[in-house]
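In: using only what follows, build the 3D model:
(chains A and B, ligands or ions: 2)
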Amino acid sequence: MKVLVPVKRVIDYNVKVRVKSDGSGVDLNNVKMAINPFDEIAVEEAVRLKEAGTATEVVVVSIGPKASQEVLRTALAVGADRAIHLESDAELEPLAVAKCLKQVVADEQPQLVICGKQAIDDDSNQTGQMLAALLGWPQGTFASEVLPEGDAIKVTREIDGGLETLQLNLPAVVTSDLRLNEPRYASLPNIMKAKKKPLDSKPVAELGLDVAPRLKAVNYAPPAARQGGIKVENVA
Amino acid sequence: MGSELHLLVAGEGCGAVAEAAAQVAGVNKVLVADNAAYGHQLAENLSTLIAELGKDYSHVVAPATTSGKNVMPRVAALLDVAQLSDIIAVEFENTFQRPIYAGNAIATVESLDPIKVITVRGTAFDAAAETGGAASVEAVAAVHDAGTSAFVGEEVAQSDRPELTAAKVVVSGGRGMGNGENFAILETLADKLGAAVGASRAAVDAGFVPNDMQVGQTGKIVAPELYIAVGISGAIQHLAGMKESKVIVAINKDDEAPIFQVADYGLVADLFEAVPELQSKL
Ligand SMILES: Cc1cc2nc3c(=O)[nH]c(=O)nc-3n(C[C@H](O)[C@H](O)[C@H](O)COP(=O)(O)OP(=O)(O)OC[C@H]3O[C@@H](n4cnc5c(N)ncnc54)[C@H](O)[C@@H]3O)c2cc1C
Ligand SMILES: Cc1cc2nc3c(=O)[nH]c(=O)nc-3n(C[C@H](O)[C@H](O)[C@H](O)COP(=O)(O)OP(=O)(O)OC[C@H]3O[C@@H](n4cnc5c(N)ncnc54)[C@H](O)[C@@H]3O)c2cc1C
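Out: Ligands and ions are numbered 1, 2, ... in the order given. You can find the predicted model right below:
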C-alpha cells in the first residue's frame, strides 16, 4: 500500500503570535517556522506502516512557498521516501489545498492519505475531510489508532464523549490526533541522507485548478486582554 | 442570519429528538431523516444528505463539536464552498469572527460564497430557549448509504457530572497531579461544586485521564463562570481552551508559571495541601 502524507509549514508551536498593529494580519517576520505538529505525527504513522511491511512507499507533499521544502526535508529525514512540492506564494484556503491534493492523489494513486487533524496556524480542521469528500473516499478523522486489515483499516477516533472505532474500505483518508504516536527525532545521518532523496517541485498554477479565495479577511485583532489577577496567600 | 430557520435531525430512531427540536423557540421547521444509514452519524452518509438539502439554504450551520468538525468540511467540499470553522461572532450575514493561532488572533472573515457552511463555538453564544416554539415536522425520505465505512464500537465515558463544555464550574488537573489516582481529589472537589472535571494535554498523554477531558486548542473549549486550574503550567495551547472563563483560579507551586498571568486568583502552593484544604472550607 502506498501512503501519501500532506505536510504544512506553520509557525512553531512555541511561538506566541502577534497581530500587526494595522490589523492586516499576523506578524510572521523572523518567526520560527516548523512542520505542523499533527503532520509530524502523520508522517511517523506512515513510516511505521512501512516499517511494519504494510506500506510500500511513503510520499509527502506540501503546498506553499519555496520554504515549504524545508518541512518536506524534515519528513524525508524521518523516513518518507519521496517528496512533492506544489509551489504557491498565495494563501490557499483548505478547499483549494484539498483540490490540489486531489490532483496529487490522481497522479500518485495512494491507497491511504494521512493528514494532520488541524494545522495550528489557521486551526481550520477541514482539509482532510474536504479531500475525502472530493475523492468520494471514507474518512477516519482525529485518529488515535490505525490498524490495517486487508482491504480495509480500523480507525479509533477521539470524539467528544470518548473513543469510537470505524472500519473504512480502502482507499481512505485518515487525520491524525495527538495520541496516534510519538514522533521520532531525525538522526544526523538521516538528515544528511534526506538531502539526496527525490523532491519534485512545480507551481500550483500548472495544475489549472480553481484555487481562488472564497473568503476575504476583513481584519485581524488581538483577543481581549486578560489582566493578571492577585496572588492569594491561602485557600481561605 | 437568514429569515427562516429549519433544523435537520438525522439519525436512527430519532423521532423524540425531532419532537423536542420542534419546541425550540425560533425554529420554523424540523426535517427528520430517520434511517439506519444515519445511525452512527457516519460522515460519508450524513454529508451527502446535508449537501443535498443544503443547496437550497443560505447558511448551513453545525456546532464545532467533534461530529460537526467531522461532517461540515465534507459538506462544504461537496457544495464547492469554503467552510468557516469555530465562529465566535456574527457581524453580518456573510461576515464572521473566528479565532486563529490558538486564539492569539481573532480574524474577521467575509464569505464570498453563495452558501455559508459554518461550525459554531457553543460557548460564544447563548442557547435558544428549549420551549416556546411550534415548528412543523417533516420527514426526509432520501437515504444515502455510501457503503464505504461502518461503525465498529465505542467507549463512551459515563459520568454523573455536568458536561465539560456546558458546566458552570470546571476543575482541571495537569501533569502536576502526578498520576490518575490523584485525580480523585479533584473529583471530590468537583462534586462539592457541581463542577465538571477537565485536564491538560500532558495529563491525558500521560494516561492519567481519558482524551475527552482535554481542554485546549486541540481539545475542548470551555468558558465557565469559574475555572480552577490545578497543577497546570498554562501553555498557550491550554489557555486557548479556557481563557474566556469568567473567573480563573490557579493553584501551582511554581510562582513563575504562565497560568498566573491569566488567573484572577493565583495560589502558589502544593496542590496536595491546597486542594484538600480548599475542600474542607467549602
Ligand atoms: C481568512 C484567511 C486568512 C489567511 N491568512 C493567511 C496568512 O496571513 N498567511 C498564510 O500563510 N496563510 C493564510 N491563510 C491560509 C491558511 O493559513 C491555510 O493555509 C489554509 O486556510 C489551510 O487551513 P489550515 O492550515 O488550518 O488547514 P487544516 O484543515 O487545519 O489542515 C489540516 C491538514 O491538512 C494538510 N494541509 C493543510 N494545508 C496544507 C498545505 N499547504 N500543504 C500540505 N498539506 C496541507 C495537513 O496535513 C494539515 O495538517 C489564510 C486563510 C484564510 C481563510
Ligand atoms: C500541537 C499541539 C497541541 C496541543 N494542544 C493542547 C491542548 O489542547 N490542551 C493542552 O492542555 N495542551 C495542549 N498542548 C500541550 C501544551 O503545549 C503543554 O505541553 C501542556 O498544556 C502542559 O500541560 P501541563 O500544564 O499539565 O504540564 P506542565 O507544563 O508540565 O505543567 C505542570 C505544572 O504543575 C505544577 N506542579 C507540579 N507539581 C505540583 C504540585 N504538587 N502542586 C502544585 N503545582 C504543581 C508545575 O509547577 C507545573 O507548572 C498542545 C501541544 C501541541 C504541540
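
In: make it CA atoms for all contacts and neighbour counts henceforth
Out: Fine.

In: quick one: the strands in chain A?
Out: Assigned by DSSP state E, chain A shows strands spanning A:2-6, A:9-11, A:33-35, A:57-64, A:82-87, A:112-116, A:139-149, A:152-159, A:162-169, A:172-176, A:199-203, A:215-221, A:230-232.

In: list the helices and strands the fifth one packs on?
Out: It refers to strand A:82-87. In terms of contacts (3 or more C-alpha pairs under 8 Å, 6 or more residues apart in numbering or on different chains; DSSP states H and E), strand A:82-87 is packed against strand A:57-64, helix A:68-77, strand A:199-203.

In: quick check, central residue of chain B?
Out: residue B:65 (4.6 Å; C-alpha atoms, centre = their mean).

In: the residue in the stretch 151-282 of chain B positioned nearest to ligand 1 in helix, strand or coil?
Out: Taking C-alpha to the nearest ligand atom, ligand 1 has its nearest neighbour within the stretch 151-282 of chain B at residue B:218, 10.7 Å off. With DSSP: H, G, I helix; E, B strand; the rest coil as the basis, residue B:218 sits in coil.

In: quick one: contacts for it?
Out: Neighbour list for residue B:218: residue B:237 [criterion: C-alpha atoms under 8 Å, 6 or more residues apart in numbering or on different chains].

In: show me what contacts residue B:101?
Out: A:17, A:120, A:121, A:122, A:123.

In: next up, phi/psi of it, please.
Out: As for residue B:101, its main-chain torsions (degrees, to the nearest 10) stand at phi 50, psi 60.

In: do residue A:212 as well
Out: phi -60, psi 140.

In: how close does the residue of the stretch 151-282 of chain B closest to ligand 1 get to residue A:224?
Out: Residue B:218 sits 21 Å away from residue A:224, taking C-alpha to C-alpha, to the nearest Å as the criterion.

In: also residue A:74?
Out: 36 Å.

In: those two - which one has more neighbours?
Out: A direct count of neighbours by other C-alpha atoms under 10 Å in any protein chain shown for residue A:74 and residue A:224 places residue A:74 higher, at 21 against 11.

In: which residues touch the more buried one?
Out: Applying C-alpha under 8 Å, 6+ apart, the residues near residue A:74 are A:35, A:186, A:191, A:194.

In: and it, what's its pLDDT?
Out: Predicted confidence (pLDDT) for residue A:74: 97.

In: next, whichever residue of the stretch 1-150 of chain B sits closest to ligand 1: secondary structure please.
Out: Residue nearest to ligand 1 within the stretch 1-150 of chain B: residue B:109 (5.5 Å; C-alpha to the nearest ligand atom). Put simply, residue B:109 is strand when judged by three-state DSSP.

In: got the confidence number for it?
Out: 96.

In: per-residue confidence for the nearest residue to it once chain neighbours are set aside?
Out: Spatial nearest neighbour of residue B:109, excluding adjacent residues (C-alpha to C-alpha, 6 or more residues apart in numbering or on different chains): residue A:217 at 4.6 Å. You'll see residue A:217 listed with a pLDDT of 91.

In: now swap in the one 10 residues further on and tell me
Out: Looking at residue A:227, its pLDDT reads 71.

In: next one: residue A:18
Out: Residue A:18 is given a pLDDT of 89.

In: tell me the contacts of it?
Out: Residue A:18 sits next to A:26, A:27, A:222, B:104, B:105 when contact means C-alpha under 8 Å, 6+ apart.

In: residue A:13 touches residue A:35, doesn't it?
Out: No. Using C-alpha atoms under 8 Å, residue A:13 makes no contact with residue A:35, being 9.5 Å away.

In: quick check: residue B:97 vs ligand 2, distance?
Out: Applying C-alpha to the nearest ligand atom, to the nearest Å, the value for residue B:97 to ligand 2 is 21 Å.

In: equivalent analysis for residue A:132, please.
Out: Counting by C-alpha to the nearest ligand atom, the gap from residue A:132 to ligand 2 is 23 Å.

In: return the residues in contact with the residue of chain A found nearest ligand 2.
Out: Residue nearest to ligand 2 within chain A (C-alpha to the nearest ligand atom): residue A:37, separated by 5.1 Å. Residues near residue A:37 by C-alpha under 8 Å, 6+ apart: A:13, A:116, A:119, A:120.

In: if we can go back for a sec, for the contacts of residue A:18, give me TSV that also has neighbour count, distance to residue B:140 and pLDDT.
Out: Listed next are the contacts of residue A:18 as TSV, based on neighbours: other C-alpha atoms under 10 Å in any protein chain shown; distance: C-alpha to C-alpha, whole Å; pLDDT from 0 to 100:
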residue	neighbour count	distance to residue B:140	pLDDT
A:26	21	45	90
A:27	13	48	90
A:222	18	44	90
B:104	22	42	88
B:105	23	41	91
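
In: got these as JSON lines, with distance to ligand 2 columns?
Out: Listed next are these as JSON lines, based on distance: C-alpha to the nearest ligand atom, whole Å:
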{"residue": "A:26", "distance to ligand 2": "19"}
{"residue": "A:27", "distance to ligand 2": "20"}
{"residue": "A:222", "distance to ligand 2": "20"}
{"residue": "B:104", "distance to ligand 2": "14"}
{"residue": "B:105", "distance to ligand 2": "16"}
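
In: got the residues of the stretch 101-250 of chain B near ligand 1?
Out: residue B:109 (C-alpha under 6 Å from any ligand atom).

In: got it, and chain A?
Out: A:6-8, A:25, A:38-39, A:61-64, A:91-94, A:97, A:115-119, A:121-128, A:215-217.

In: restricted to buried residues, select the residues you listed in PyMOL.
Out: Applied in PyMOL, the following selects the buried portion of the residues of chain A next to ligand 1 according to 16 or more other C-alpha atoms under 10 Å in any protein chain shown:
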select buried, chain A and resi 6+7+8+25+38+39+61+62+63+64+92+93+94+97+115+116+117+118+119+121+122+123+124+125+126+127+128+215+217
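
In: and the stretch 151-282 of chain B, which residues reach ligand 2?
Out: Counting by C-alpha under 6 Å from any ligand atom, the stretch 151-282 of chain B comes close to ligand 2 at B:174-176, B:200-203, B:214-219, B:231-235, B:237-238, B:251-254, B:257, B:269-272.

In: and the pLDDT for the residue of the stretch 151-282 of chain B closest to ligand 1?
Out: 91.

In: so what's the residue count around residue 185?
Out: I'll assume chain A. If you count neighbours by other C-alpha under 10 Å, residue A:185 ends up with 11.

In: hmm, no, I was thinking of chain B.
Out: So residue B:185, with other C-alpha under 10 Å, has 16 neighbours.

In: ditto for residue B:192
Out: Residue B:192 - counted by other C-alpha under 10 Å - has 11 other residues nearby.

In: which element is it on?
Out: Assigned by DSSP states H and E, residue B:192 belongs to helix B:183-193.

In: quick one: mean pLDDT for that helix?
Out: 95.

In: mind checking if that helix is in reach of chain A?
Out: No. For helix B:183-193, no contact with chain A is found by C-alpha under 8 Å from any C-alpha of the partner chain; the gap never falls below 13.2 Å.

In: now that helix - C-alpha only, PDB.
Out: Below are the C-alpha coordinates for helix B:183-193, written out as PDB (Å, rounded to 0.1, in the frame of the first residue of the first chain):
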ATOM      1  CA  PHE B 183      -7.500  13.000  40.200                       C
ATOM      2  CA  ALA B 184      -9.800  11.600  42.900                       C
ATOM      3  CA  ILE B 185      -9.100  14.700  45.000                       C
ATOM      4  CA  LEU B 186     -10.300  16.900  42.100                       C
ATOM      5  CA  GLU B 187     -13.400  14.800  41.600                       C
ATOM      6  CA  THR B 188     -14.300  15.200  45.200                       C
ATOM      7  CA  LEU B 189     -13.900  18.900  44.900                       C
ATOM      8  CA  ALA B 190     -15.800  19.000  41.700                       C
ATOM      9  CA  ASP B 191     -18.700  17.100  43.200                       C
ATOM     10  CA  LYS B 192     -18.900  19.700  46.000                       C
ATOM     11  CA  LEU B 193     -19.000  22.500  43.500                       C
END
